[in-house]
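# 3D, please:
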Amino acid sequence: MYAERIEKLVALLGQYGLSGVVVNPGSSLTYLTGLHFHLMERPVTLLITESGHAAIVLPELERGKLNDETYHFRAFSYGDDPGTWSEAFEQAGKSVGLQYGKIGVEPTRLRFLELDFLKGALPDVSFVDGSAALEQLRLRKDAGEIGKMRKAAEIAQEAMRLTLKSLNAGMTEKVIANELFINLLRCGSDLELPFSPIVAIGEHSANPHAVPTDRALGQGDLLLVDWGAGYEGYFSDITRTFTFGKVDPELIRIGEVVLKANQAGREVGKPGLDAGAVDNAARSVITDAGYGKAFIHRTGHGLGMEAHEPPYIFAENDLILSPGMTFTIEPGIYLEGKGGVRIEDDVAVTDEGLESLTDMPREVLPLEGFMV
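Alright, predicted model coming up:
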């Protein structure tokens, strides 16, 4: 499987005029090799050329991870003395023949640490943005990958159901987030989550990326929860909003509007349509209801081995949707000082349209209906 993925990458290098790519710990490296490393003070870098030659630079203490690798590439390890690390990079560069040309990098991932060593080892090489080639690798998921994302969604939804049963007045955002985190693990999530759960109560729900605080749940509050699970390296990402007691009628109203916007986005998407059309379908519902200025972010983002990856669902994106693409649809309305509603689902493009990988009720429902 990994050899096939590297062959696919090699074909993309020729298409985009690159002599090779370098990647460091992250989803691309894992996708290409099955290996897992953390970003740390010791650099790890994989080099792959347009001719298919590959080499990895890594600490000696990590070399044991290569024992089971299924794609054969040369490894160059180093010890704890940073003064010797440049030699490993130089040997790796020579082994794969990276002496000239353009080498693609991931601009949001490669650090100065690795880039400095690479420039020293390959002084005649130009390092350029390789996103166009690398993003194509994971843009379309196969049935196995989508199956893992569906399982991640099932785990996340079951964890939320368990958490909702335990809620009561006075619980804080932090306590609810911690309970949800524990339930995600209990229900079978990977240890690595797409992100820490977002739990926002009352006026805090008007902040799309709120950080849980000691704000306590009380009568008349909205509760917005944005969470996800991991399953065999693939993620889910879901948002649901609830009421507790009698809330402001306008908050009920925006919940109804967001629900219709979410439905419009899920219904319009299909192969051959551009990504911007999905954003426009959801956004027009909110704009027509008079809340256009309160929808302050794109309608969605790609999802897979990362919580955010291509394709991005914003109005100006002319990328044509095709089967295998996976992304979120998450319209929202945020009223500063009062509260906000977001409803988020994970979808996959099929031959016919969009398949929702998430099926938890989308309506803004009373918490009391879930509590034991």
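# any idea how the protein splits into domains?
Annotated domains of the chain cover 2-138, 143-369 [automatic domain parsing].
# Could you dump these into JSON lines with mean neighbour count added?
Backbone N, C-alpha and C define where each C-beta goes, glycine included. Formatted as JSON lines, the domains of the chain follow (neighbours: other Cβ atoms under 10 Å):
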{"stretch": "domain 2-138", "mean neighbour count": "17"}
{"stretch": "domain 143-369", "mean neighbour count": "19"}
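# could you dump the ones you listed to a markdown table with mean pLDDT?
Shown next, in a markdown table, are these (pLDDT from 0 to 100):
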| stretch | mean pLDDT |
| --- | --- |
| domain 2-138 | 94 |
| domain 143-369 | 98 |
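# Could you pull out the helices in the stretch 101-250 of the chain for me?
112-121, 131-138, 143-165, 173-186, 249-268 (DSSP state H, counting those that start in this stretch).
# And the most centrally placed residue in the chain, its phi and psi?
Computing the C-alpha centroid of the chain and ranking residues by Cα atoms, centre = their mean puts Ala307 first, at 1.3 Å. Dihedral pair for Ala307: phi -70, psi -30, per degrees, to the nearest 10.
# quick one, what contacts it?
By Cβ atoms under 8 Å, 6 or more residues apart in numbering, Ala307 lies in contact with 194-195, 228, 235, 237.
# Help me confirm that Arg5 is found in a helix?
Yes: under DSSP: H, G, I helix; E, B strand; the rest coil, Arg5 sits within a helix.
# mind checking how far it is from His36?
16 Å (Cβ to Cβ, to the nearest Å).
# do the same with Lys102
From Lys102 over to His36 (counting by Cβ to Cβ), the distance is 28 Å.
# now His204
Distance from His204 to His36, counting by Cβ to Cβ: 35 Å.
# before we move on, what about Tyr334?
37 Å.
# what's the answer for Lys65, then?
With Cβ to Cβ as the criterion, Lys65 and His36 are 8 Å apart.
# and what of Lys338?
Lys338 sits 43 Å away from His36, taking Cβ to Cβ as the criterion.
# got it, and Asn168?
39 Å.
# Kindly report the same for Gly220.
Gly220 is 46 Å from His36, by Cβ to Cβ.
# now the strands: where do they sit in the stretch 1-150 of the chain?
Using DSSP state E, counting those that start in this stretch, the strands of the stretch 1-150 of the chain run over residues 20-23, 45-49, 54-59, 74-78, 102-105, 126-129.
# who does the longest one touch, helix- and strand-wise?
Yep, that's strand 54-59 we're talking about. Applying 3 or more Cβ pairs under 8 Å, 6 or more residues apart in numbering; DSSP states H and E, we find strand 54-59 packed against strand 45-49, strand 74-78, helix 85-96.
# Tell me which of these lies nearest to Phe244.
With Cβ to Cβ, the closest approach to Phe244 among the helices and strands packed on strand 54-59 belongs to strand 45-49: 49.1 Å.
# Partner strands of the closest one, with direction?
Paired with strand 45-49 in the same sheet, following DSSP bridges, are strand 20-23 (antiparallel), strand 54-59 (antiparallel).
# need the ones you listed in a markdown table with distance to Asp288, can you?
A markdown table is the format used below for those (distance: least, Cβ to Cβ, whole Å):
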| stretch | distance to Asp288 |
| --- | --- |
| strand 20-23 | 44 |
| strand 54-59 | 53 |
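# Which one of those lies nearest to Asp359?
Distance to Asp359, taken as Cβ to Cβ, is lowest for strand 20-23 among these, at 35.0 Å.
# mind saving the C-alpha coords of that closest one as PDB?
Extracted in PDB, the C-alpha atoms of strand 20-23 (Å, rounded to 0.1, in the frame of the first residue of the first chain):
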ATOM      1  CA  GLY A  20      11.400  15.900  -5.000                       C
ATOM      2  CA  VAL A  21       9.700  16.600  -1.700                       C
ATOM      3  CA  VAL A  22      10.600  16.600   1.900                       C
ATOM      4  CA  VAL A  23       8.200  16.000   4.700                       C
END
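# Quick one: distance of it to the chain centre.
Its chain's C-alpha centre and that of strand 20-23 lie 21 Å apart, by Cα atoms, centre = their mean, to the nearest Å.
# which other residues reach it?
For strand 20-23, the external contacting residues (Cβ under 8 Å, 6+ apart) are 9, 13, 29, 32, 45-50, 96, 98, 101, 103-106, 109-110, 114, 118, 127, 130, 133-134.
# try it again with 7 Å
13, 29, 45-50, 98, 103-106, 110, 118, 130, 133-134 (Cβ atoms under 7 Å, 6 or more residues apart in numbering).
# Same check on stretch 170-179?
With contact meaning Cβ under 7 Å, 6+ apart, stretch 170-179 is reached by 163, 166-167, 197, 199-201, 212-217.
# same thing but 8 Å
Residues external to stretch 170-179 that are found in contact with it (Cβ under 8 Å, 6+ apart): 163, 166-167, 196-201, 204, 210, 212-218, 223, 225.
# Filter those residues down to the ones in strands?
Counted as lying in strands by DSSP state E, out of these, are 198-201, 223, 225.
# Need those in TSV (columns: distance to Arg266).
Below are those laid out as TSV (distance: Cβ to Cβ, whole Å):
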residue	distance to Arg266
Ile198	22
Val199	25
Ala200	24
Ile201	27
Leu223	23
Val225	20
